[in-house]
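>>> Give me a model of this one.
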Amino acid sequence: MTGGSGPSAFLKISGLSRFVTIRGVEIDGAWPTISNNGIGISFNDHSNSVSQHPGLWTEGILIEDNYVHDVQGEGMYVGPNWYSGNLPLRNIEIRGNLVENTGWDGIQLKSAIGGTNLIHHNVIRRAGKSPSKGQLYGISLLDGTGRIYNNWVEGTGDAGIQHFLHHLPRSYGDQAAEIFNNVVARTGLVRLGPGHGIVSNNRNGYARPVAHIYNNTVVGSKDSGIYVGREASNGFVRDNLVADSVDAPIRVPASVKAINNRVGSVAQMQFVDASALNFRLEATSPARNAGSEVFPPADYDGTPRPQDGQADQGAFEFDAGQELSQPLAPNGLVVE
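Presented below is the predicted three-dimensional model:
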C-alpha cells in the first residue's frame, strides 16, 4: 500500500476456479495506518450463477499456512451469500492459518452445503475490531455445514465462533456443525450483537442448525459462553468448560441436550495460568477425569485421550509433561 482507500481484496480468486490451493502467503493490509479498505483473501465471484452453470460447484479449495493481518475487512472471505444465487461450495478446507487484527470476521465461509468442509488448527486474534459493522466474529460458518475444531480464537469484537443459517431455505434440510476442541477467550469486545463464545442459530423460518458442540474451553465471554437458538433441530452441548461468562454460561433450547458441562469461575476451573492464557488443567482441576464416555481421540494439543483412565472436560486433556510449558496455539505459535 502506498496510500489511498485500499483494494476491495488483497488476494482474490474468482471465475469458475476449482481445486485451488493458497499456501504460505502473508498479507499485510496496513490497516488503519495506510489503507481503510480490503479483505485479506477473497474466494468469490458474484458473476457466476447457478442458472448459468447448473450442477457446477466451487470445490476442492485448500487455504493453509497463511498469515493475514491488519485488514479492514474479513481476513478470509470464502463463498457468496446464498441469496445471490451464485455457485454453492463443497469440500473446502481452511487450516493452519494465522489471522490477526481484522475489522470484520477473521474467517468467514459461506454457502458450503455439500461435501466435507473443515476449519481447523487456525489462530484468530483480535478479529472484528471495527465499531461500525456487524460481522465481527472470529470464525463464521454461514448457510452451510462443516466441522470447526482445534482453533484458537481470542479477543473478538462479537462471538468467537458462529454457525448461522441466514438465507438458506428450510427445503435444504437441517445443517449440522461439529464444533470441538476449540479455545475461545475474551469475546464481545465491540459487541454490536451478542458476544457469545460459541453460537449456533438461524434466522426464523430458514434452515435449522444441528448443534454438536463439545470439549471446548470458553473463557471470558461478554454474553453466554455457548448459545444455541430456539429453532435448533436437535443436537448436544457436552463436556465443555465455560468460565467467567457475563451472562448465562450455557443457553440451549429443549431440543438440544446439555450434557456434563462444567461452568464457573476461572479460579474454580484450576487452569495452569489463565492470566497468561494457559488454559491447560492443573492436576487438581475438577475437570480432570470428569468427561463423558464419548470424546475426541485427541485434545487441542494433539495429546491422545484419555491419559489416565477417563477423558477430561474441555479442550485440554491433562498431561503432566505439559502442565508447566508455555501455551501453544495449534500451529505451534507461542500464545502471547
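>>> Residue 259: neighbour count?
13 (other CB atoms under 10 Å). In short, each C-beta sits where N, CA and C put it, glycine included.
>>> wait, residue 26
Using other CB under 10 Å: residue 26 sits among 10 other residues.
>>> again, but for residue 311
25.
>>> Check the secondary structure at the nearest residue to it once chain neighbours are set aside for me.
Of all residues not flanking residue 311 in the chain, residue 291 sits nearest, at 3.6 Å (CB to CB, 6 or more residues apart in numbering). Look at residue 291: counting by DSSP: H, G, I helix; E, B strand; the rest coil, its state is coil.
>>> Residue 77 and residue 193, how far apart?
19 Å (CB to CB, to the nearest Å).
>>> cool, and residue 122?
22 Å.
>>> go on, residue 27?
Distance from residue 27 to residue 193, by CB to CB: 27 Å.
>>> Please identify which of these two sits among more neighbours.
The residue with more neighbours, out of residue 27 and residue 193, is residue 27; 21 against 17, by other CB under 10 Å.
>>> Tell me if I'm right that that one and residue 71 touch.
Yes. In this structure, residue 27 is within contact of residue 71 by CB atoms under 8 Å, at 6.8 Å.
>>> what do the two both touch?
10, 40 (CB atoms under 8 Å, 6 or more residues apart in numbering).
>>> shaky segments in the stretch 151-300 of the chain?
Across the stretch 151-300 of the chain, nothing is flagged by pLDDT under 70.
>>> Where do the helices of it begin and end?
In the stretch 151-300 of the chain, the helices defined using DSSP state H, counting those that start in this stretch lie at 266-269.
>>> What values do phi and psi take at residue 308?
Recorded main-chain torsions at residue 308 are phi -150, psi 60, according to degrees, to the nearest 10.
>>> give me every residue that touches it.
Neighbouring residues of residue 308 by CB under 8 Å, 6+ apart: 289, 318.
>>> And the pLDDT for it?
The model reports residue 308 with a pLDDT of 88.
>>> I'd say residue 185 and residue 225 touch.
No. The pair residue 185 and residue 225 does not pass the contact test of CB under 8 Å, sitting 10.6 Å apart.
>>> So which of these two has more stuff around it?
Each of residue 185 and residue 225 has its neighbours counted (other CB under 10 Å); residue 225 has more, 32 against 24.
>>> Residue 231 and residue 207, how far apart?
Residue 231 sits 10 Å away from residue 207, taking CB to CB as the criterion.
>>> ok, now residue 73?
For residue 73, the distance to residue 207 (CB to CB) stands at 26 Å.
>>> okay, now the closest residue to residue 310 other than its chain neighbours: neighbour count?
Distance criterion CB to CB, 6+ apart; nearest residue to residue 310, sequence neighbours excluded, is residue 289 at 4.3 Å. Using other CB under 10 Å, residue 289 is surrounded by 16 other residues.
>>> looking at it, residue 289 is touching residue 309, isn't it?
Yes. Contact criterion CB under 8 Å: residue 289 and residue 309 qualify, at 6.1 Å.
>>> Could you give the number of residues near residue 33?
Neighbour tally, residue 33, other CB under 10 Å: 9.
>>> got a pLDDT number for it?
Residue 33 is given a pLDDT of 89.
>>> Report the secondary structure state of it.
On the three-state scheme (three-state DSSP), residue 33 is labelled coil.
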